[in-house]
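Participant: quick one: sequence plus predicted model below, questions after.
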Amino acid sequence: MPEAPQNSELLRSLGRLVRGLSALFWGLPAALIICVSTAKTEFLRPTGIIPAIAAMGLLYFGLWQIGKFHPQERPWRVALDRARIAALANLFADAMREALADVVDRVAALADFSASGRSDDAHWPLHEGAARHVLRAADQLAR
């Protein structure tokens, strides 16, 4: 009878391994396509970083599921920890890249406003009064 709990534990572990491998199998190409299309085309621009974070989250989920298989094996655990750190760093880098891209867009719109006194950008980031205030503060800092 002691083999029955061991078999159920092994089957549960194998199920998580298969789920994790499936998530990685579908997540890697999806992440590649989504991240490249987000960076290069305007197709996913309105959704922002949400699709890229979802794709990276799917990859991290796959690694998390795979980590439940053979947790006692030290080389397996070390390799998974390295992959998890790389996945989290990539997720953090995507979030920071999107945040910095938003800052660059706002600075470019502010430069357009300072040059012409108005902005033609459809997503004007600042109210005109706030933009004038920021420009005055920038001039004072430049002196």
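Facilitator: In hand now; what should we look at? Residues are numbered from 1 along each chain as shown.
Participant: tell me the contacts of residue 45?
Facilitator: Taking Cβ atoms under 8 Å, 6 or more residues apart in numbering, we find residue 45 in contact with residue 38. No exception for glycine: its C-beta is placed from N, CA and C like everyone else's.
Participant: quick check: phi and psi on it?
Facilitator: phi -60, psi -40 (degrees, to the nearest 10).
Participant: so how many other residues sit close to residue 83?
Facilitator: By the measure other Cβ atoms under 10 Å, the count of residues near residue 83 is 17.
Participant: brain fart, residue 39
Facilitator: The tally of other residues near residue 39 (other Cβ under 10 Å) stands at 12.
Participant: so where does the closest residue to residue 59 other than its chain neighbours fall, helix or strand?
Facilitator: The shortest distance from residue 59 to any non-neighbouring residue, by Cβ to Cβ, 6 or more residues apart in numbering, is to residue 27 (4.5 Å). Following DSSP states H and E, one finds residue 27 within helix 3-40.
Participant: in that helix, what counts as buried?
Facilitator: Neighbour counts over helix 3-40 (16 or more other Cβ atoms under 10 Å) mark 16-17, 19-20, 23-24, 27, 30-31, 34-35, 38 as buried.
Participant: correct me, but residue 70 touches residue 76?
Facilitator: Yes. The pair residue 70 and residue 76 qualifies as a contact (Cβ atoms under 8 Å) at a distance of 5.1 Å.
Participant: before we move on, back to that, can you list contacts of the helix or strand that comes right after the helix holding residue 27?
Facilitator: Following helix 3-40 in sequence order, the next helix or strand is helix 50-66 (DSSP H and E). For helix 50-66, the surrounding residues in contact (Cβ under 8 Å, 6+ apart) are 16-17, 19-24, 26-28, 30-31, 34-35, 38, 44, 80, 83-84, 87-88, 90-91, 94-95, 98.
Participant: with that, I have no additional questions.
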